[in-house]
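# here's a sequence, model it:
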Amino acid sequence: MKKNIAILMGGYSSEFEISIQSGNVVYKYIDRDQYNPYRIHITKESWFYVDDHDQKFPIDKNDFSLTLNGSKITFDAAFNIVHGTPGEDGILQAYFELIGIPQTACDFYQAALTFNKRDCISALKPYGIPTATNYFLNKGDKIDPETILSTVGLPCFVKANKAGSSYGVSKVKTQAELIPAIELAYKEDDEIIIESFLSGTEVSVGVITYEGEDTVLPITEIVSENEFFDYEAKYLGKSQEITPARLSEEDTEKVKALALRVYQILKMKGFSRSEYIFHNGEPHFIEMNTNPGFSEASILPQQARAAGISIKDLLTNTIEEAILSSEK
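Got it, this is the predicted structure:
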């Protein structure tokens with residue numbers, strides 16, 4: 001008997017449209033011999049099912065059910081591909097944990113921790129994971145440019161702490177650019193992380209749970225036409241994404257081992273994609289995405305293909321791993 005799978009997409013953040021694209025890719029490639037897929041849009045105003053004629057039907061949040069033609073539909077699992085809040089910060093994970101429906105992303109604590117860049121970095125530092133030098137600000141804090149720049153130096157990056165897809169990120173080259181960059185980041189979040197500049201090759205490393213094993217996918221090298229891997233570079237073709245990365249065998253093994261260690265330290269499961277920069281010959285952890293982009297052009301599907309894993313098989317594995325994990 002086919003399983004009913006809710007494909008969760010949308011969300012409450014600036015990444016709404018990217019998540020819709022990702023969800024539609026999941027809907028396109030999911031194995032329909034095994035699953036009945038339902039596209040569920042998550043918005044601040046309402047949650048609803050969208051059929052193939054773009055008709056909308058409300059979701060009952062009490063038990064995450066759907067009524068169609070007088071029949072109640074429940075779900076065997078939820079494929080969580082919501083980028084940003086509430087799908088990547090632990091809120092949806094906790095909801096599904098409470099109502100007892102398996103979902104494909106990591107657990108709620110891991111989602112909340114990794115979504116908060118500075119908390120994630122703070123959790124990894126005691127394990128000796130190399131990172132940039134950081135300075136943290138909360139909205140309302142006194143801003144002292146001289147103290148900030150004496151800590152992180154120039155150039156530096158100013159980032160919204162809890163935002164994805166490079167929203168609210170600026171590369172700051174002069175002290176005069178610092179305050180405008182902070183103001184831009186505060187438009188996305190009330191917490192900011194300011195990081196020292198790391199010079200070197202940037203790579204993206206997918207680590208997933210595949211057939212019961214923590215698996216590092218082929219590494220992708222990021223070559224941005226812009227100052228850094230910003231929104232244009234990620235989604236508007238302003239970058240080269242080279243898989244496998246042009247790294248030496250030694251550097252490849254070095255970053256693969258570090259990415260796997262980070263995944264396991266954080267007790268992750270499901271999808272993850274982490275960013276690293278080789279600075280002075282050593283990979284430095286930047287951040288982890290637990291619901292990474294899944295559009296046709298996204299990095300994780302590229303890496304899976306390079307590993308010989310089709311998108312359909314990747315989706316099937318992810319769903320079955322989630323159901324199996326919930327039964328333990």
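# hmm, who's touching the one helix or strand residue 147 maps to?
Assigned by DSSP states H and E, residue 147 belongs to helix 145-152. Residues outside helix 145-152 that contact it (CB atoms under 8 Å, 6 or more residues apart in numbering): 132-135, 156, 175, 178-179, 194-196. No exception for glycine: its C-beta is placed from N, CA and C like everyone else's.
# same list (those residues) but as a markdown table, adding neighbour count.
Converted to a markdown table, the contacts of helix 145-152 look like this (neighbours: other CB atoms under 10 Å):
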| residue | neighbour count |
| --- | --- |
| 132 | 19 |
| 133 | 13 |
| 134 | 19 |
| 135 | 19 |
| 156 | 25 |
| 175 | 12 |
| 178 | 21 |
| 179 | 13 |
| 194 | 25 |
| 195 | 22 |
| 196 | 18 |
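# of those residues, which is the nearest to residue 19?
residue 195 (25.6 Å; CB to CB).
# what's across from the closest one in the sheet?
Beta-bridge pairing for residue 195 (DSSP bridges): residue 134, residue 157.
# mind checking how far it is from residue 103?
Counting by CB to CB, to the nearest Å, the separation of residue 195 from residue 103 is 31 Å.
# check contacts around residue 44.
Counted by CB under 8 Å, 6+ apart, residue 44 has contacts residue 12.
# quick one: it is in a helix?
No - with DSSP: H, G, I helix; E, B strand; the rest coil as the criterion, residue 44 is located in coil rather than a helix.
# for residue 11, see how far away it is.
Counting by CB to CB, the gap from residue 44 to residue 11 is 9 Å.
# can you name the residues that contact the residue most central in space within the chain?
Residue closest to the average C-alpha location in the chain (CA atoms, centre = their mean): residue 289, at 2.7 Å. Contacts for residue 289 (CB under 8 Å, 6+ apart) come out as 83, 88, 114, 164, 272-274.
# same list, those residues, but as a markdown table with secondary structure please.
What follows is these, written out as a markdown table (three-state DSSP):
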| residue | secondary structure |
| --- | --- |
| 83 | coil |
| 88 | coil |
| 114 | helix |
| 164 | coil |
| 272 | coil |
| 273 | strand |
| 274 | strand |
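# just give me the closest of those residues to residue 239.
Nearest member of the contacts of residue 289 to residue 239, counting by CB to CB, is residue 273, at 14.8 Å.
# need the nearest residue in space to that closest one, chain neighbours excluded.
residue 292 (3.8 Å; CB to CB, 6 or more residues apart in numbering).
# can you give me the helices in the stretch 151-300 of the chain?
178-186, 231-235, 249-265, 299-306 (DSSP state H, counting those that start in this stretch).
# the helix or strand encompassing residue 97 packs against which elements?
Secondary structure from DSSP H and E places residue 97 in helix 91-99. For helix 91-99, the packing partners by 3 or more CB pairs under 8 Å, 6 or more residues apart in numbering; DSSP states H and E come out as strand 77-80, helix 108-115.
# which of those sits most buried?
Stretch with highest mean neighbour count among the helices and strands packed on helix 91-99: strand 77-80 (a mean of 27; mean count of other CB atoms under 10 Å).
# put the alpha carbons of it into PDB.
Coordinates of each C-alpha in strand 77-80 appear next as PDB, following Å, rounded to 0.1, in the frame of the first residue of the first chain:
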ATOM      1  CA  ALA A  77       5.700  11.000   6.900                       C
ATOM      2  CA  ALA A  78       6.500  14.600   6.100                       C
ATOM      3  CA  PHE A  79       9.300  15.600   3.700                       C
ATOM      4  CA  ASN A  80      10.500  18.800   5.300                       C
END
